[in-house]
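Enquirer: Fold the following.
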Amino acid sequence: LLKGHVDIDKTIKIIRNAENAKEALMEKMSLTLRQASSVVEMRLGSLRKIDQGKLKEEKKSLADRIAEIINTLKDPKEIDSLIHERLKWWRENTDPRRTKIVKEFGEITTLDTIIEQNVMVSINSDDKVKLTDVHSYRKTRRGGTGVKEASAKDESVPRLVAQVTTHDMLYAFTDKSRVFEKPCHELPITKRRGRGFAVTELFPGLEKDEKIVDIISMNVTDMDDDASVVMIRSNGNVKRMACKALIKKRGRLNGEECCRCDLDDSKLLKVTLADAATDLIMFTKNGSYRRISVNTLRPLPSRASGGNKCFILTGDDKVIGVDSVGKEDAVVSVSELGYGAKFKEEVLPFKKGRVGKGIKLANSDAKSGDIVYGGVLKEGEELFLTTSGGKSLRTSIDGIREVGRGSRGVRMQKLGKDETIVAITKITMD
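Expert: The predicted structure follows:
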């Protein structure tokens with residue numbers, strides 16, 4: 001530009017009279033191809049307004065910078081000093097390294113390419129399955145009405161809900177004591193008010209009169225040797241089985257027997273995960289509980305075994321929940337009319353022997369209704385409640401004071417007329 005601006009009239013004359021302006025400038029003004037292109041691409045008005053003094057200053061600055069770089073490259077000590085200064089600045093002003101440099105790297109699996117996120121799995125009365133992001137449900141205080149789960153046209157009622165992560169393996173247990181298996185990342189995530197898809201699309205081996213009664217999820221790539229699956233049947237029998245014995249086969253889309261129940265009319269009701277060092281606590285709809293040590297249950301390696309008698313149920317009472325409890329955990333019960341109570345773990349004593357009747361835990365009367373949920377929550381965990389009206393509420397139990405056994409508790413969710421709570425699960429946020 002500086003060369004073209006020295007004799008601007010000559011430059012303009014060459015451009016106007018030449019068929020190829022770039023070649024003419026390169027020949028008559030000794031310009032390079034890049035310099036000639038810059039001159040030709042400029043508008044005439046811009047070429048006339050160029051400040052020759054600024055161009056000379058820029059040329060001098062570039063020349064000084066080039067000379068400085070050449071001198072630096074000639075001096076090895078100067079190069080080392082410059083590298084040291086840059087590295088020092090990077091250490092003081094940049095974020096910690098997010099990647100790891102390793103000598104060897106194993107095989108990249110499908111899970112390595114999938115973002116791990118918490119999702120809710122729900123199954124409604126029409127046997128439609130839906131996966132929803134946990135963060136689509138805003139956390140609120142207890143006593144609220146919740147948010148609408150389904151569209152107005154959908155009259156189905158959620159009957160089962162559980163939390164999983166996209167890196168887990170999903171295990172669905174049926175009332176016929178069969179287990180189905182599916183990677184969670186293969187399930188499509190839908191919107192909160194979406195309708196979901198048929199459960200037979202997920203597990204084509206389900207029979208017409210077969211219902212999924214419980215769902216658990218496990219990280220099969222990182223599992224403790226002591227981890228166990230505990231299954232409760234309607235006759236009070238309990239079966240303990242090592243997790244690794246359950247997951248040694250993959251792809252159970254057609255189902256596989258996990259507990260023998262053809263000797264009587266009992267059906268599988270609830271399933272939970274438990275460690276050998278913890279206690280097992282079972283809850284019934286009439287507000288009773290029974291607490292036993294997991295070590296008193298012998299792990300049964302065979303999927304065809306039926307389990308051991310543990311809980312003697314009376315009348316129309318039945319098991320509605322089971323969970324593992326440790327020291328300083330909070331035990332929570334929720335009734336179908338929206339009342340919830342929190343108890344200290346230490347106020348739930350043992351009864352001698354593995355077999356026996358339950359002990360009264362929560363009050364279930366005409367005002368509160370039957371107990372529909374019993375579980376153990378650790379610090380930071382939340383409850384996710386779903387009603388027969390299709391409303392869901394995500395809330396914390398931190399604001400609930402602990403009460404003694406036999407209490408009804410406080411209002412957890414405000415319900416409408418003829419509305420009840422039908423499904424509850426706990427949420428663990430990372």
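Enquirer: Export stretch 234-252 to CSV, keeping only CA atoms.
Expert: The C-alpha trace of stretch 234-252 is given here as CSV (Å, rounded to 0.1, in the frame of the first residue of the first chain):
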residue,chain,number,x,y,z
SER,A,234,-45.9,-61.3,48.8
ASN,A,235,-45.8,-64.1,51.3
GLY,A,236,-43.0,-62.4,53.3
ASN,A,237,-40.1,-64.5,51.9
VAL,A,238,-36.8,-62.6,51.3
LYS,A,239,-34.2,-63.7,48.9
ARG,A,240,-30.6,-62.3,48.8
MET,A,241,-28.6,-62.7,45.7
ALA,A,242,-25.1,-61.3,44.7
CYS,A,243,-25.3,-58.6,42.1
LYS,A,244,-22.6,-60.2,40.1
ALA,A,245,-24.6,-63.4,39.9
LEU,A,246,-27.5,-61.4,38.5
ILE,A,247,-25.6,-59.5,35.9
LYS,A,248,-23.4,-62.2,34.5
LYS,A,249,-25.7,-62.5,31.5
ARG,A,250,-26.5,-59.6,29.2
GLY,A,251,-29.4,-58.7,26.9
ARG,A,252,-32.3,-60.2,28.8
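Enquirer: Show me which residues of that stretch are buried.
Expert: Within stretch 234-252, the residues that count as buried by 16 or more other C-beta atoms under 10 Å are 234-243, 245-247, 252. Yep, even glycine has a C-beta here, placed from its N, CA and C like the rest.
Enquirer: Export those as CSV, with columns for pLDDT and secondary structure.
Expert: Below are those laid out as CSV (pLDDT from 0 to 100; DSSP: H, G, I helix; E, B strand; the rest coil):
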residue, pLDDT, secondary structure
234, 79, coil
235, 78, coil
236, 80, coil
237, 83, strand
238, 87, strand
239, 86, strand
240, 87, strand
241, 85, strand
242, 83, strand
243, 82, helix
245, 77, helix
246, 76, helix
247, 72, coil
252, 60, coil
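Enquirer: Need these in a markdown table (columns: distance to residue 337).
Expert: Output for the buried residues of stretch 234-252, formatted as a markdown table (distance: C-beta to C-beta, whole Å):
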| residue | distance to residue 337 |
| --- | --- |
| 234 | 24 |
| 235 | 28 |
| 236 | 26 |
| 237 | 30 |
| 238 | 29 |
| 239 | 32 |
| 240 | 34 |
| 241 | 35 |
| 242 | 39 |
| 243 | 36 |
| 245 | 40 |
| 246 | 36 |
| 247 | 39 |
| 252 | 38 |
